[in-house]
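1. Okay, predicted coordinates and the sequence, questions at the end:
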Amino acid sequence: MSLSLFTKEKRKLLNLTQQDLADKAGVGIRFIRDLEQGKLTLRMDKVNQVLNLFGQELGPVSLNKNI
């Protein structure tokens, strides 16, 4: 699952607007919009601020399914 889809689904599951999520995470609404739209260049510290609300954090993911 992509980061953008994960974030959007979790936000909706918790009945939060993008503004609510931005406020709770301490980031701007523009950042949440960029994150949910799959922008390729985002600050990892801010991504982690959002993910921490869902009990998650960024980490390495293998591109090779055999590893």
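-> Now that the structure is in, tell me what you want to look at.
2. What strand or helix carries D23?
-> With secondary structure defined by DSSP states H and E, D23 is part of helix 18-25.
3. by contact count, what packs against that helix?
-> helix 3-13, helix 29-36, helix 44-52 (3 or more CB pairs under 8 Å, 6 or more residues apart in numbering; DSSP states H and E). Heads up, the C-betas are built off the backbone N, CA and C, glycines and all.
4. Those: which one's closest to N66?
-> Ranking those by proximity to N66 (CB to CB) places helix 3-13 first, at 22.9 Å.
5. gap between G38 and K24?
-> Computed with CB to CB, to the nearest Å, the distance linking G38 and K24 is 21 Å.
6. any weak-confidence spans in this structure?
-> Where the chain drops to pLDDT under 70, the residues are 67.
7. Check the offset of stretch 30-37 from the chain's centre.
-> Here stretch 30-37 is found 8 Å from its chain centre; the criterion is CA atoms, centre = their mean, to the nearest Å.
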